[in-house]
Every structure is written in C-alpha cells, then in structure tokens.
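In: build me a structure from this.
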Amino acid sequence: MQSLSTQIARWSAGLTFADLPAEVMNNTKLRILDLLGVMIGSAGHATVAAARLAAAEEGGRGAHPLSFGAETSAPGAAFVNGVASAVLEFDDTHLTTNIHPTGVILSACLPLLQKRAVSGPALIAAVAVGSEVACRLGLVSPVRLHEVGLHPTSLFGIFGAACAAGRLRGVTAQGIADALGASASLSAGSIASFQDGTDTKTLHVGFAAASALRAVALAAQGLSGPAEAFEGKFGWYRSHIQAAPEFRFDLATEGLGSRWHLLDIAPKLHPCAYTMIPFIAAALALREKIGGDIGRIASVTCEIMPRSFGIVCEPVAEKRRPRTSWHGRISLQHTVAEALARGRFDKTAYSVAALTDPAINALADKVGYTADPVAAADLTRSRAVIHLDLTDGRRITHTVEDMRGTARNPATEADYRAKFRANTSDMLEDKLGDRMAERILDLDRVDNVDALLAPLRGNVFALAR
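Out: Got it, this is the predicted structure:
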C-alpha cells in the first residue's frame, strides 16, 4: 500500500484547476482576498517591521514580501508574509482542527509568483490543494494539540504549504513526497508564549511558510525524505504526540477530491482567537440592549466549551490583565469587556490604550465563565452564550448558535469585501483598493498574478513606514 506521503503528493501534483468544484474555487478566491487584506492591513505593525528587518539582515535576493519593496530570499519573503498574516489574529480557521490554513499557504506561494508567470487558476488550485492537505492532516489525531503545548497551524501548515509550493514550482509527485518528508523534520510550534504574551507565536506562520519553501527547494535538488513521514514507526504523529491514541490515518486521504474539508474554513470577522469571535458578536448585541451603559452591568457570565478554559479563560488573573496586544487576543475576559465597553471590534482592537483602560479592566474583573455542554458536543459549531446580570436585578442573555462565516451561517462575498476594505483602507487609496478587490475576485481570469500584486510593494510600504 502506498504511504500517506505518496498518496497526498500524487493527488497534490495531479489535481487540475478544472477538477475544482465551483464552490471550492469560489471559496478559495474569497480566502485569498481575505488573507491578502490581512497582510496589507498589518504592514505597519511593529512585529512585521521587525520581521522584515530580520529577513533583510539574513540576506538573499529574488523575492519581495507582499507589501514591501526591499528584496530578500524567497524564504525570507515567505517569513515576512506569514508574520503579516498572523500578527493580528485575523486569519481564517478550520473549526474542527483550529488550524489557520490560508495564511501559511498563501505566504509560501506569493514569493514563487515573482519568479515565474503564474496564472490565477494555478494559484487558486495551489492554495486549494494546500488548504485541503493541512485540514485533513489536522483531523488524523483525536488529541487537541493546543492541549499538549503545540500549535497546529504551524505544525500542519508547513505540509499544506509544501504541497502548494511544490505545484507552483512544477516539482514531481515524488518530489512533493520528499518535501513532505523533509517538512516532518521542520514542523514545529511551541505555544509557550500563550502563557506570557511574548512574540513567538505570532511568528509561527512565517516560520512554517519559509520552511516549506526550503523543503521544496531541497526536494527539487533530488534530496529524499522518509516515505512514511506520517504513519511510520518514527512518523510525525507518534513522535509529536507522546500518547497512544487511535490515529485516524484514513481521514488524511479518504475522499480526496470529492469531500472538501476546506469548505469548513471560516473567516474571522474579529481579530482574535476564533473561539472568542461569537462572544464578541454576543457582547456587541448585549451592548445595544443596554444602550452602551456598562455602568448597569453587575456581572457577566460566558458559557464556553470546557476544553477552551485553559487556553482563553485561565489563569484568571492573567486573562483579566493581558500583558501585550497578542496576549489579549486569547483572553475571553478582556475581549468581552472591550467589546461591551467600546462597541466595535476591528483591527484597532487590543491597543495599549484598551489594555490599560480602567473601565475595561474593571469590567473584565466582572467576566466569569461556565461550561457549555452544547458547544462541547459539536466542535464544528461556533457558539456563544453571554448572560448580563444588571444592577437592577434583571438578567439579559444573548446566544449565538453559529457565528457568521461558518458553514451553517456562511459569510457572503459582501462580508469578505467589507473586511478587505476595512483592513486596507488606511494603506490603499480607495481606487486601488477597490480595483484590487475586484481583480482578486476575478482571479480565475488573471494571466499573471504577480503583475496584479506588484503595485502593492511601493504603495503599502510608503504608508507603513
């Protein structure tokens, strides 16, 4: 029987654009628009600037990060792109696995567009293949990787990015299999920075995108990778998950090309860990019910699945006073308090002013949480329940059963357009931003994607400095 690497590689290399169902093609175009907007919108972020300077110091030529004119190596550009896609926590999410697929895959693909004339259909097919591979590999283990200190986006994203990059480079199926084998040695992502809010987690997508390009480059030179990189005695799953669960290896390949798990990737309508996005929606709805008067709030109770307690709710003192902007993006207490207090939640959220606002901090101290068995029973849903106990003794409640953007409550093209313009309006003049969105949504008719994106290098860089 063929190894998983071989099966995945052959499918990745052999799929054609014509093989993509219309809904998969359209979904992928929308996700590309979404993540390009996120990358552009974060171009001025201090972490992105530091990543760009680090890549420049490393040296190299032949590629540019999406929003910057300075030339670097392809892996260097992929690293900067990846950091830009992740630093605001505004990337999309495959709900069952908690993988953020599109950012890492697109970040690896973009530098390759600058070395060859890649068409829109070719890019769409590559991103679709990479997304599907990453999601499927995430389904194999029943162990939630966050709970054992690992970050699934970087761990699995490298494999999807290697498949996508291998396609764009014209690497053979055997070459992609070898790249997957090499990627198994480069797959990493410690979530230790969840504890103290330091920067490392925001770099993971960049690390994975850059490593995927290196793995593909090695395979293109004929360097081999282990055939059973995933399921073998010393394969990825048994080495990374130090337990003996029943790995579901069949989910990695079963129905490839007919069952598309990428259709379960949801866009983020707010910049934070996806688990908290429906809580923001619920908090904003409750704020309207009390007319924005947070002084009327005596206490707040959030119903949330128990498996999220240790990530976004605890330790309580730490979550009530996050140390950094990124730290706040995984704090339920601060997030709900900021939404209730400010009444909006866009890319400007989690500012230093918000993190230190006495009114928000006081409200965060009132936010508690309890188990939601309904949410715990179905990980494909995005549900939130918030109760506000008011100072007059009344309790009001708002429930979000399925957050907009999920498969049961899909985001519309208008939602994606609005998010793209909101993220890019301070970076792109209106005409360029609108034209860019139109062209990306028409990507299946674009002959040369790099020619479409090239104007961003000077325009965004000048505004981001």
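In: which SS class is the residue in the chain sticking out farthest from the centre?
Out: The centre of the chain is farthest from one residue, D392, which by C-alpha atoms, centre = their mean lies 41.6 Å away. Using DSSP: H, G, I helix; E, B strand; the rest coil, the structure places D392 in coil.
In: could I get the phi/psi values of it?
Out: Dihedral angles phi and psi of D392 (degrees, to the nearest 10) take the values phi -90, psi 10.
In: distance of it from K366?
Out: The spacing between D392 and K366, counted by C-beta to C-beta, to the nearest Å, is 15 Å. Every C-beta, even on glycine, is put in place using the N, C-alpha and C of the backbone.
In: and R169, by the same measure?
Out: 54 Å.
In: one more: A298?
Out: 7 Å.
In: these two: which is more packed in?
Out: Counted by other C-beta atoms under 10 Å, A298 and K366 do not tie: K366 has more neighbours, with 19 against 14.
In: so that one makes contact with V300?
Out: Yes: with contact defined as C-beta atoms under 8 Å, K366 counts as touching V300 (5.4 Å).
In: okay, and the common contacts of the two?
Out: Common neighbours of K366 and V300 are listed as A337 (criterion: C-beta atoms under 8 Å, 6 or more residues apart in numbering).
In: pLDDT weak spots in this structure?
Out: 458-465 (pLDDT under 70).
In: what's near enough to touch G189?
Out: Going by C-beta under 8 Å, 6+ apart, the list of residues near G189 reads 150-155, 204, 207-208.
In: who wins on neighbours among these?
Out: Neighbour counts for these (other C-beta under 10 Å) peak at A208, which has 35 neighbours.
In: so how far is V38 from that residue?
Out: 16 Å.
In: can you pull out the strands in the protein?
Out: 93-94, 265-266, 297-304, 367-371, 384-390, 395-400 (DSSP state E).
In: got those as CSV, with distance to V143 columns?
Out: Formatted as CSV, those follow (distance: least, C-beta to C-beta, whole Å):
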stretch, distance to V143
strand 93-94, 16
strand 265-266, 21
strand 297-304, 20
strand 367-371, 20
strand 384-390, 25
strand 395-400, 28
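In: figure out which of those is closest to A283.
Out: With C-beta to C-beta as the criterion, A283 lies closest to strand 384-390 of the strands of the chain, at 6.0 Å.
In: give me the contact list for that closest one.
Out: So strand 384-390 is contacted by 278-279, 281-283, 286, 290, 296-304, 336, 372, 375, 395-400, 403 (C-beta under 8 Å, 6+ apart).
In: which of those residues are buried?
Out: In terms of neighbour count (16 or more other C-beta atoms under 10 Å), the buried residues within the contacts of strand 384-390 are 278-279, 281-283, 286, 290, 297, 300-304, 336, 372, 375, 398, 400, 403.
In: center of this protein, which residue is that?
Out: H100 (3.0 Å).
In: enumerate every residue touching it.
Out: Applying C-beta under 8 Å, 6+ apart, the residues near H100 are 86, 91-94, 153, 157, 205.
In: and S154, by the same measure?
Out: 104, 187-189, 204-205, 207-208.
In: before we move on, the earlier item: distance of the residue farthest from the centre of the chain from V133?
Out: For D392, the distance to V133 - C-beta to C-beta - is 54 Å.
In: ok, G69 next?
Out: From G69 to V133 the distance is 32 Å (C-beta to C-beta).
In: tell me which of the two has more neighbours.
Out: Between G69 and V133, counting by other C-beta under 10 Å, V133 is the more crowded of the two (31 against 13).
In: now that one. Nearest residue, chain neighbours left out?
Out: G160 (4.5 Å; C-beta to C-beta, 6 or more residues apart in numbering).
In: phi, psi for F68 please.
Out: phi -130, psi 150.
In: and it, how many neighbours?
Out: 25.
In: in terms of contact, does it touch A51 like I think?
Out: No: using C-beta under 8 Å as the test, F68 is too far from A51 to be in contact (10.1 Å).
In: overlap of the contact sets of the two?
Out: V80.
In: now the helices: where do they sit in the stretch 251-400 of the chain?
Out: For the stretch 251-400 of the chain, the helices defined by DSSP state H, counting those that start in this stretch cover 277-289, 316-320, 325-328, 332-342, 352-355, 358-364, 373-377.
In: wait, doesn't E246 sit right on P142?
Out: Yes: taking contacts as C-beta under 8 Å, E246 lies within contact range of P142: 6.8 Å.
In: between these two, which one's more packed in?
Out: P142 (11 against 7).
In: show the contacting residues for the more buried one.
Out: 245-248.
In: same question, F345
Out: 270-271, 280, 284, 338-339.
In: and S12, by the same measure?
Out: 129-130, 133, 163-164, 166-167, 173, 176.
In: burial measure for the residue lying closest to it once chain neighbours are set aside, as a count.
Out: Counting by C-beta to C-beta, 6+ apart, the nearest residue to S12 once its immediate chain neighbours are dropped is C163, at 4.0 Å. Neighbourhood size, C163 [other C-beta under 10 Å]: 32.
In: can I get the contacts of F345 in JSON lines with neighbour count?
Out: Converted to JSON lines, the contacts of F345 look like this (neighbours: other C-beta atoms under 10 Å):
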{"residue": "H270", "neighbour count": "25"}
{"residue": "P271", "neighbour count": "24"}
{"residue": "I280", "neighbour count": "25"}
{"residue": "L284", "neighbour count": "17"}
{"residue": "E338", "neighbour count": "28"}
{"residue": "A339", "neighbour count": "27"}
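In: turn those residues into a markdown table, columns for distance to T348.
Out: Listed next are these as a markdown table, based on distance: C-beta to C-beta, whole Å:
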| residue | distance to T348 |
| --- | --- |
| H270 | 11 |
| P271 | 9 |
| I280 | 14 |
| L284 | 15 |
| E338 | 11 |
| A339 | 13 |
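In: can you tell me which of these lies closest to R61?
Out: Of all those, P271 has the smallest distance to R61: 33.2 Å, by C-beta to C-beta.
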